[in-house]
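Participant: here is my input; please provide its structure:
(2 chains)
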Amino acid sequence: MYDGGKIVAGIIIGLIFLTFPIWYTHGTAPPRPEVKLPEKTKECVEPRAYMKTKHMQLIDLWRDSVVRVANRSYLAFNGKKYDMSLQNTCMSQDCHAKKSEFCDRCHNYTGVVPYCWDCHIEPEEKPQAEEKH
Amino acid sequence: MGVNRRKFLKIAGMSTLGAAAAPASNALAAVNPIDWVYEKLGGFTPFETLLHLLHRPVGYRPGEALTGQKWAMVVNVKGLDEEIAEACIEACHRVHNVPKLDNPRHEIKWIWHSEYKHVFPGQKHELIGEKYQHAPFLVMCNHCENPACVRVCPTKATFKRKSDGIVLMDMHRCIGCRFCMAACPFGARSFNWVNPWPREKAGTLPRFRQGKEPPNPEYPTRAKGVVEKCNFCAERLAKGQIPACVEVCQEMAKEKGKEPALVFGDLEDPDSEVRELLRSHYTLRRKPELGTNPNVYYMV
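Facilitator: Next comes the predicted model:
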């Protein structure tokens, strides 16, 4: 092999560069996000495990049901009925009143940017100092 | 030769098996199979998983909703004056977070007032009486029987609701092509040329109407690049309320002792108020020659 040393050295340096992101960040992953669950309401529309994995499908179903067929009342797994509304049910004052402490925690962590809030109005979050009054 | 082909294949085969079996046996040894199943099912017991598979999440019509098969409106021009017309417009735009923008070319309107010559362009002539020429006509989306806007929409973002005939917009699907605006003969649609509600920072309410008023938190707003129009208050009908403009108008008519300028009802119901008005009065529709069959009637 002509210039064997240079080639091998080049391959090794190349491999180091290629795998750099893997070994450099190894073990330094940021901690899992902790969402703040609502204090007043203990039960979500569906069981927690279902909401964790399927909330996007649920919200998508709500959206089409409300906008396109006018069926705005949701019959949940536990037999309760809910008004299908992101602004008025999910984000109501008794539930996820703070988007930054619930939605944003996981979505920012995983880099998910849903366009809900381009149009829907998120609940107003007052600065901590003001809240104490 | 120590290793012939047969022996080599044997060793290779065995070692492949061994390599594959090692992690599997490790995993089995370390994890309780019950926990493993539990984790795989997303935190549900197998029983709950079964129930969830059988449970089809569906929506129902809310019990309190007003239902009709063909919603329509009658505009009684005699009952209208500038003040009532403005109040109707204000009520509608406030409920639906319709912004007031500085630049008239960016204007968004769901309901607005206009003059006879613009409302009935085919019917105008120069000798028409003053009181008709300058009477405030309220105009909005006609919720046509045969809507041209729906036909041209490439994404079915605008559609005619089968259950009650309201022509609606699905903002989630609108791509802003504005075919519907070109198709609509009544100019009932507005395009969001700019972000109608810029917000200062996340977690604060967007400011509408030149930074003065907070939005109605129960109704969404719109993003830049979608078309919007009157929705016959579909969201209020679902709560058992009549459209906002009609409500305000009827209240003001009572106060002023006038005939109500707007009447809303179901055309398929022969006993409804709108049917009664259509029976007993002569009414006009806008541009009937185009064959869109508007569902907004004018009593002049």
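
Participant: can you give me the strands in chain B?
Facilitator: B:58-60, B:71-76, B:111-114, B:137-140, B:158-160, B:167-169, B:190-191, B:227-228, B:262-266, B:296-299 (DSSP state E).

Participant: what pairs with the fourth one, parallel or antiparallel?
Facilitator: On the basis of DSSP bridges, the sheet neighbours of strand B:137-140 come out as strand B:111-114 (antiparallel).

Participant: and if you look at the fifth one?
Facilitator: Partner strands and pairing direction for strand B:158-160 (DSSP bridges) are strand B:167-169 (antiparallel).

Participant: near chain B, which residues of chain A?
Facilitator: Within chain A, the positions near chain B by C-beta under 8 Å from any C-beta of the partner chain are A:46-50, A:52-53, A:58, A:61-63, A:65-77, A:81, A:83-84, A:87-88, A:99-100, A:115, A:118-125. For the C-beta atoms, the positions are set from N, CA and C on the backbone; glycine is no exception.

Participant: at 7 Å what do you get?
Facilitator: Applying C-beta under 7 Å from any C-beta of the partner chain, we find that chain A lies next to chain B at A:49-50, A:53, A:58, A:61, A:63, A:65, A:67-68, A:70-75, A:77, A:84, A:87-88, A:100, A:118-121, A:124-125.

Participant: for the nearest residue to B:Thr292 once chain neighbours are set aside, give me the pLDDT.
Facilitator: Nearest non-adjacent residue to B:Thr292, counting by C-beta to C-beta, 6 or more residues apart in numbering or on different chains: B:Cys144, 3.9 Å away. Looking at B:Cys144, its pLDDT is 96.

Participant: isn't B:Cys144 right up against B:Leu290?
Facilitator: No: B:Cys144 sits out of contact with B:Leu290 when judged by C-beta atoms under 7 Å, with a separation of 9.0 Å.

Participant: name the residue in the two with the higher neighbour count.
Facilitator: B:Cys144 (26 against 14; other C-beta atoms under 10 Å in any protein chain shown).

Participant: relative to B:Val226, how far out is the residue nearest to B:Thr292?
Facilitator: The gap separating B:Cys144 from B:Val226 is 21 Å, by C-beta to C-beta, to the nearest Å.

Participant: please identify the helix or strand for the residue most central in space within chain A.
Facilitator: Residue closest to the mean C-alpha point of chain A, counted by C-alpha atoms, centre = their mean, is A:His107 at 3.2 Å. Per DSSP states H and E, A:His107 falls inside helix A:103-110.

Participant: what's the answer for A:Tyr82, then?
Facilitator: With DSSP H and E as the test, A:Tyr82 turns up in strand A:81-83.

Participant: what helices or strands is that strand leaning on?
Facilitator: strand A:73-75 (3 or more C-beta pairs under 7 Å, 6 or more residues apart in numbering or on different chains; DSSP states H and E).

Participant: quick one: strands adjacent to the strand it packs on?
Facilitator: Checking strand A:73-75 against DSSP bridges gives partners strand A:81-83 (antiparallel), strand B:58-60 (antiparallel).

Participant: so where's the chain uncertain?
Facilitator: I went with chain A, as the question did not name one. A:127-133 (pLDDT under 70).

Participant: please refer instead to chain B.
Facilitator: B:1, B:23-30, B:42-43, B:200-212.
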